[in-house]
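Q: missing the sequence, but the structure's below:
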């Protein structure tokens, strides 16, 4: 059974940093692309970033490019999202999601339960 | 960027009803359309991809159709477990945008 568990969310001041983790099980992690998607009551669901399973190529939404870094450790079956220069508009529930392919998978087929990031002074 | 618009935003229905949700893309996305179901406090779950293909394990009362810019999700004989919010998502372009959601609530 596919399982994804996010952690690392919390309260951070504007301009601060946070690192999210997503531990996965139930599939061959290194064979699949992975994504981060965030959700807010106001803007709904928004794709944030993806990383391919095959060569760890990375992809970002314009709203986070240059501030967020996605990475993966295939030996630990774990996905990461390093978030720097955080802004109030980054406040959201962050989900990690499994792609349906090995590269930059635009389609995701399994999601974790999410971790809440709040950016506020 | 491609924009996705769902209608209605809220839908009131009874158990046993047939309900239809529409999703429109601002430009053609071919058949690259997925539908997700989300219940309160839970992660979205993939129901349908390629506009009409049911993910394994999804009840057959769910169906999807459409291509290009207009798509529909139909639930035949609505069950108590189906009261939730439904999102469409285009995965034809880099932005992979989601619709704003349709909440199916009990009438």
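A: Nice, thanks for sending it over. Because the structure is a prediction, the values reported are computed rather than measured.
Q: Could you use CA atoms for every contact and neighbour count after this?
A: Fine.
Q: Just read off the phi/psi values of the closest residue to residue B:20 other than its chain neighbours.
A: Nearest in space to residue B:20, with sequence neighbours left out and distances taken as CA to CA, 6 or more residues apart in numbering or on different chains, is residue B:74 at 4.4 Å. For residue B:74, the backbone dihedrals (degrees, to the nearest 10) come out as phi -120, psi 130.
Q: if I pick residue B:74, what's in contact with it?
A: Residues in contact with residue B:74, defined by CA atoms under 8 Å, 6 or more residues apart in numbering or on different chains, are B:18, B:19, B:20, B:21, B:61, B:62, B:63, B:64.
Q: again with residue A:68
A: For residue A:68, the contact set (CA under 8 Å, 6+ apart) comprises A:81, A:82, A:83, A:84.
Q: With pLDDT as new columns, can those be given to me in CSV?
A: CSV is the format used below for these (pLDDT from 0 to 100):
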residue, pLDDT
A:81, 98
A:82, 98
A:83, 98
A:84, 98
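Q: Please enumerate the strands of chain A.
A: A:3-7, A:10-12, A:18-25, A:34-40, A:44-51, A:58-60, A:68-73, A:78-83, A:92-99, A:108-111, A:115-119 (DSSP state E).
Q: what angle do the last one and strand A:18-25 make?
A: Read it as strand A:115-119. When axes from the mean of the first three to the mean of the last three CA atoms, to 10 degrees is applied, the directions of strand A:115-119 and strand A:18-25 differ by 170 degrees.
Q: what's the answer for the fourth one, then?
A: Between strand A:34-40 and strand A:18-25, the angle comes out at 120 degrees (the same axes, to 10 degrees).
Q: what are the pairing partners of strand A:34-40, and which direction each?
A: strand A:44-51 (antiparallel), strand A:92-99 (antiparallel) (DSSP bridges).
Q: Averaged pLDDT, stretch A:17-31. What do you get?
A: Across stretch A:17-31, the average pLDDT comes to 97.
Q: Check which residues of that stretch are buried.
A: By neighbour count, and taking 16 or more other CA atoms under 10 Å in any protein chain shown as the criterion, the buried residues in stretch A:17-31 are A:17, A:18, A:19, A:20, A:21, A:22, A:23, A:24, A:29, A:30, A:31.
Q: between those residues, which is closest to chain B?
A: Nearest to chain B among the buried residues of stretch A:17-31 is residue A:22, at 13.9 Å by CA to the nearest CA.
Q: and residue A:73, what does it touch?
A: Applying CA under 8 Å, 6+ apart as the definition, the contact partners of residue A:73 turn out to be residue A:79.
Q: Give me the pLDDT for it.
A: 95.
Q: re the thing from before, can you say which of the strands of chain A is packed in most?
A: strand A:92-99 (a mean of 26; mean count of other CA atoms under 10 Å in any protein chain shown).
Q: okay, which residue is most central for chain B?
A: The centre of chain B sits closest to residue B:35, judged by CA atoms, centre = their mean, with a distance of 3.9 Å.
Q: For the spatially closest residue to that residue that is not a sequence neighbour, give me the backbone phi and psi.
A: In space, residue B:35 comes closest to residue B:88 once its chain neighbours are excluded; the distance is 4.5 Å by CA to CA, 6+ apart. When read as degrees, to the nearest 10, the backbone of residue B:88 gives phi -100, psi 160.
Q: Was I right to think residue B:88 contacts residue B:98?
A: Yes: counting by CA atoms under 8 Å, residue B:88 touches residue B:98, with 5.7 Å between them.
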